[in-house]
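Enquirer: sequence first, then the predicted structure, then my questions.
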Amino acid sequence: MASRPEDDRKEPVNEQAVANKYGAMRSELNQIYSKITELEMEVSEHSLVINAIQPLDPSRRCYRMIGGVLVERTIKEVMPAVQRNKEGIEEVIARLNEALEKKKKEIADFESKYKIRIRKSDGETNDESSRKEGSAQGVLVGPAGGSE
């Protein structure tokens with residue numbers, strides 16, 4: 001029995017362990033998607049700010065929140081910082097997209113290794129299965145439409 005925890009870390013030992021590991025992997029994938037979406041919203045907000053203050057006089061006063069404190073600056077001082085922050089967020093998004101692709105590949109390999117099929121009833125479908133279902137639905141709908 002002492003070797004069983006080692007088996008869980010290396011290879012799942014039964015269907016329940018496989019399902020649990022697969023669920024955890026899907027959860028990680030969803031977390032990555034959520035973080036990317038959140039950061040894309042931040043990039044969008046930074047772009048709005050840049051577009052709003054760019055045409056204004058560089059010596060004009062503006063306010064910026066830094067660590068929960070509102071500070072008064074000029075547009076000339078704030079613009080480079082906002083642009084740097086936007087670029088930094090875009091770099092993080094690029095790294096998260098790379099991690100997302102790795103995780104997708106890892107999940108696809110896991111699915112093929114353990115022959116995992118996803119049922120449509122819970123709202124999630126595998127890309128391959130949804131294509132097959134879509135073509136099957138088209139075949140079923142076609143004859144019904146042709147017989148009218």
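Expert: Thanks, I have the structure now. It should be emphasised that the depicted structure is a prediction, and the values quoted were computed from it without experimental measurement.

Enquirer: averaged pLDDT, stretch 62-79. What do you get?
Expert: Mean pLDDT, stretch 62-79: 95.

Enquirer: and the contacts of it?
Expert: Where contact means C-beta atoms under 8 Å, 6 or more residues apart in numbering, the residues beyond stretch 62-79 that reach it are Ile50, Ile53, Gln54, Leu56, Asp57, Pro58, Ser59, Arg60, Arg61, Ala81. Quick note: C-beta positions are derived from backbone N, CA and C, even for glycine.

Enquirer: same check, this time on stretch 101-110
Expert: By C-beta under 8 Å, 6+ apart, the residues outside stretch 101-110 that reach it are Lys21, Tyr22, Met25, Arg26, Glu28, Leu29, Ile32, Ile116.

Enquirer: Serialize those to JSON lines and add fields for secondary structure.
Expert: Written out in JSON lines, the entries for the contacts of stretch 101-110 read as follows (DSSP: H, G, I helix; E, B strand; the rest coil):
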{"residue": "Lys21", "secondary structure": "helix"}
{"residue": "Tyr22", "secondary structure": "helix"}
{"residue": "Met25", "secondary structure": "helix"}
{"residue": "Arg26", "secondary structure": "helix"}
{"residue": "Glu28", "secondary structure": "helix"}
{"residue": "Leu29", "secondary structure": "helix"}
{"residue": "Ile32", "secondary structure": "helix"}
{"residue": "Ile116", "secondary structure": "coil"}
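
Enquirer: among those residues, which one lies nearest to Ala94?
Expert: Minimum separation from Ala94 among these (C-beta to C-beta) is found for Ile32, which lies at 12.8 Å.
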